[in-house]
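Asks: requesting a structural model of the entry that follows:
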Amino acid sequence: MSFLPLEFAGFLEQNCNRFEYLKSWITKLEIPFTVLPIESKNHIFINFPKTCYSPLFKTKTLLVHYDRVQNTPGANDNSAAVCEVLLWAKKIYNQPKIHNLRIIFTDGEELGFTKEQGAYGIASLYKKLGITQDEVFVLDGCGRGDVLVVSTAGKSIKTKGNFHATFEALYNKAISLAAKTSPNKWITIPVPYGDNAGFIACGIPAVAITVLPSDEATTYMRYLQKEKTFSRTVLDRKVGTKSQEKALNLIEKEKLPWTWRCMHTQYDNISILTQEAFILIDRFLDNLADSKTMR
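Replies: Numbering: from 1, shown residues only. Below is the predicted model:
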């Protein structure tokens, strides 16, 4: 596909060492980075110049997992978002502007249990260091479609302290960014947890962003409106797991967008990606960089 860089196909190869390949790719783009080894996971931190940060505004952390389910291409989960963020970072790296953005390519998102995931280790480190005021965004499954999606995952969590108020402010900011990026094509829906789960488990709000084709988004929203318990089923990670009886699980899984059902399968390949999704995320990242919240 002409809108994808040559490096993208190699990133999807079955025998690709994605950690080493990603490091080489970033090096080729001449973007400085640091490897952050945390609890046997290797995360990659983009080193923007100090002039890109101001203490007047909150720092924004952007998480993008680069690992994939073994023996699958992982084109949309999550190679597309990795590529989108890399291309965007290359575009703005030498621009003399304040964006207060931390970018971390995370390892271990596909491990399953929240506390095993790499993002949980990063969130735990954030907590130890007292970094609890960042605005945390997660990009996952952003390579297919024309509708920008803000996940509601975490919105209904009941906990002590000010988590709910802080999450609500972050969620509203995500909605504002979505509306600015794609005025007529954005929605809020429950999206299965990813790297946001690790941060939320540590008491740090995080909002996930994804993309869906219009028809899939519409059909999914109809199911959610028709079946009030389906939202909870999605967020409880019951769909597609052994936690449900097999026949029931298949019925529930069929209600998910086809784009999500492709994930973790051979169908998640380069052919399902769309250029419009890449353009959409590039605009979102521009708006995220420009957005500033006073401390």
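Asks: what strand or helix carries the closest residue in space to Glu39 that isn't next to it in sequence?
Replies: Nearest residue to Glu39 in three dimensions, chain neighbours excluded: Gly121, at 4.3 Å (C-beta to C-beta, 6 or more residues apart in numbering). Heads up, the C-betas are built off the backbone N, CA and C, glycines and all. With elements delineated by DSSP states H and E, Gly121 resides in helix 118-129, which encompasses its position.
Asks: can you show me the CA trace of that helix as PDB?
Replies: Included here for helix 118-129 are C-alpha records, laid out as PDB according to Å, rounded to 0.1, in the frame of the first residue of the first chain:
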ATOM      1  CA  GLY A 118       4.100  -3.900  30.500                       C
ATOM      2  CA  ALA A 119       1.900  -0.800  31.000                       C
ATOM      3  CA  TYR A 120       1.300  -1.900  34.600                       C
ATOM      4  CA  GLY A 121       5.000  -1.800  35.300                       C
ATOM      5  CA  ILE A 122       5.200   1.700  33.800                       C
ATOM      6  CA  ALA A 123       2.300   2.900  35.800                       C
ATOM      7  CA  SER A 124       3.700   1.400  39.000                       C
ATOM      8  CA  LEU A 125       7.000   3.300  38.300                       C
ATOM      9  CA  TYR A 126       5.000   6.500  37.600                       C
ATOM     10  CA  LYS A 127       3.300   6.100  41.000                       C
ATOM     11  CA  LYS A 128       6.600   5.500  42.800                       C
ATOM     12  CA  LEU A 129       8.000   8.600  41.200                       C
END
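Asks: after that helix, which helix or strand is next? Please name it.
Replies: strand 135-139.
Asks: who's in contact with the residue nearest to Glu39?
Replies: 38-39, 41, 108, 198 (C-beta atoms under 8 Å, 6 or more residues apart in numbering).
Asks: quick one, which of those are buried?
Replies: When neighbours are counted using 16 or more other C-beta atoms under 10 Å, the contacts of Gly121 contain these buried positions: 38, 41, 108, 198.
Asks: re earlier: and the helix holding Gly121, which residues are buried?
Replies: 118-124, 126.
Asks: nearest to Leu12, of those residues?
Replies: Among those, Gly118 lies closest to Leu12 (C-beta to C-beta), at 20.4 Å.
Asks: and that closest one, how far from Asn17?
Replies: As for Gly118, its distance to Asn17 is 16 Å (criterion: C-beta to C-beta, to the nearest Å).
Asks: residues in contact with the residue nearest to Gly118 when sequence neighbours are not counted?
Replies: In space, not counting the residues next to it along the chain, Gly118 is nearest to Gly108; the distance is 3.2 Å by C-beta to C-beta, 6+ apart. By C-beta under 8 Å, 6+ apart, Gly108 lies in contact with 41, 65, 67, 116-119, 121.
Asks: same question for Leu56.
Replies: By C-beta under 8 Å, 6+ apart, the contact list for Leu56 reads 292, 294-295.
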